[in-house]
Every structure is written in C-alpha cells, then in structure tokens.
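> starting from these lines, generate the structure:
(one chain, ligands or ions: 1)
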Amino acid sequence: MSMKNLSKSDAPKNVTRNEKKLNDNDFIVSKTDTKGKIIYCNEIFSKMAGYDASDLIGANHNLIRHPDMPRIAFKVAWDLIQKDKEFFGFVKNLSSDGGFYWVFTYITADTDSNGKIISYTSVRRKPPQSAIDAIAPVYKLLVDAEKRGGMDASAKLLGEFLAENKTTYEELVFTLQKGGGN
Ligand SMILES: Cc1cc2nc3c(=O)[nH]c(=O)nc-3n(C[C@H](O)[C@H](O)[C@H](O)COP(=O)(O)O)c2cc1C
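The predicted structure is shown next:
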C-alpha cells in the first residue's frame, strides 16, 4: 500500500480527449472532511480517477477537477452543502492520464446529533448523453466568461441563461438527467 499524499500539483497538466464512461449500474462514492479532503472513496472512484485508493485518502477533491468545469458550478455546490442543502449537478472530472469522465453527482452534508456538519458525502451515476451534450456548451460559455470577468461574469451569464430558458438551476438539472431538454 502506497501513501503518496497527492495534491493538485500531481494532477496531469495536459488534458486529452480520452473519455471513460461509467457503466449504467455504477455508483461512484466519496466522502470528504469539511474542507473537501477525501476521507473515503469506493473502488469505482479510484478506477475512474486512475489513482490508488490509498493515495486518494487525504487528497483534496480538486485533484480531479477538470479545467473545462466552470468555477461557478463548485461555488453553487459549496454554498448549498455548507447550509446542509443537497446539491445535484453534472461534473466533468479529470483522470490521472489526462482523460475525463462525466458524472451526475449528488453531494450532501453529514451532520452530528447537534446538526453540526462533520463531513460531506457524494454519490455519482452515469449521466444520459443528451445531458452531457446540452450542458457541455453551457459550461464552455461559463468558463470563457470566467476567463474574461471572473465568477461575477459567469454568475451573471448563468442567471441570464436560466431566465431566458424560464427555468431554475434545479429544474434544468432534473430535466436533463431524465433525458429531456434541448
Ligand atoms: C463530497 C464532495 C465531493 C466532490 N466531488 C468533486 C468531484 O468529483 N470533482 C470535482 O472537481 N470537485 C468535487 N468537489 C468539489 C471540490 O471540493 C472543489 O470545490 C472543486 O474541485 C474546485 O476546486 P478548486 O476551487 O480548488 O479549483 C467535491 C466536493 C465535496 C464536498
């Protein structure tokens, strides 16, 4: 068993177009401390991410953060889970070989008997291809907006996109996960 203490600097610098796909019945599970450091992950997690499970424990979850993901997506997630609210969303993750895999993710806080947040748990499944096809160009626009004007710009753009489509973030995510939307 190795113990590499992986950090973001160990992530691949060059991303590739090599896509891995989850099987229909797979669940990727991980748990983090309150700062986002991995304290548990299952076998499919380490297989898809491409690291030994023992090396992943203690690593920050941003190890598998893909550069195509807009920062605003993680802000929305953290703002919700820190208030003990559930987050659902589509995430493109980075594998150790520079490739990627898409997930439909659920993140929730774990609380003690006093309601204090002690850790976070995430469960992920394979998203429908139609959801990936719909969300990838939106994320691209958000990433481009962030390059120009930071998260203020992407937050504004996301708000405008949802208003134009007469929807909310939650509604959009569930429509896409059911295979609907345009
Ligand atoms: C339980 C849990 C699971 C997470 N899973 C992922 C994930 O699969 N991929 C990811 O990029 N970020 C995930 N995050 C978010 C990361 O903590 C982090 O906010 C994100 O990677 C952006 O990191 P950065 O702001 O340092 O670039 C997760 C957070 C929590 C609490």
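> count the neighbours of Gly159 for me.
11 (other Cβ atoms under 10 Å). Every C-beta, even on glycine, is put in place using the N, C-alpha and C of the backbone.
> now Ile118
Residues near Ile118, counting by other Cβ under 10 Å: 11.
> helix or strand: which one has it?
strand 117-125 (DSSP states H and E).
> Lys92 too?
Going by DSSP H and E, Lys92 is in strand 87-94.
> now check that strand, is it near the ligand?
Yes. Applying Cβ under 6 Å from any ligand atom, one finds strand 87-94 in contact with the ligand at 91, 93.
> just the CA trace of that strand, in CSV.
The C-alpha coordinates for strand 87-94 follow below in CSV (Å, rounded to 0.1, in the frame of the first residue of the first chain):
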residue,chain,number,x,y,z
PHE,A,87,-26.6,19.7,-4.5
PHE,A,88,-27.2,17.9,-7.8
GLY,A,89,-25.2,18.6,-10.9
PHE,A,90,-23.2,17.4,-13.9
VAL,A,91,-19.5,17.3,-13.5
LYS,A,92,-16.7,16.6,-15.9
ASN,A,93,-13.8,15.0,-13.9
LEU,A,94,-10.1,14.6,-14.8
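> and that strand, what does it pack against?
Secondary-structure packing of strand 87-94 (3 or more Cβ pairs under 8 Å, 6 or more residues apart in numbering; DSSP states H and E): helix 71-81, strand 100-111, helix 129-164, helix 169-177.
> roughly how far out does it sit from the chain middle?
3 Å (Cα atoms, centre = their mean, to the nearest Å).
> enumerate the residues of this structure near the ligand.
Counting by Cβ under 6 Å from any ligand atom, the chain sits next to the ligand at 30, 32, 36, 61-62, 64-65, 69, 74, 91, 93, 107, 120-122.
> so, low pLDDT: which residues of this protein?
1-3, 182 (pLDDT under 70).
> and if we set it to 90?
1-5, 7, 180-182 (pLDDT under 90).
> apart from its chain neighbours, what residue comes closest to Leu6?
Ala59 (4.1 Å; Cβ to Cβ, 6 or more residues apart in numbering).
> and the one you found, how far is that from Leu176?
29 Å (Cβ to Cβ, to the nearest Å).
> who does the residue nearest in space to the middle of the chain form a beta bridge with?
The structure's the chain has its C-alpha centroid closest to Val91; by Cα atoms, centre = their mean the separation is 3.8 Å. Listed beta-bridge partners, Val91: Val103 (assigned using DSSP bridges).
> and for Gly149, the neighbour number?
Neighbours around Gly149, by other Cβ under 10 Å: 13.
> try Ala131
22.
> Met48 contacts Phe100, doesn't it?
No. Here Met48 does not reach Phe100: they are 9.8 Å apart, not a contact under Cβ atoms under 8 Å.
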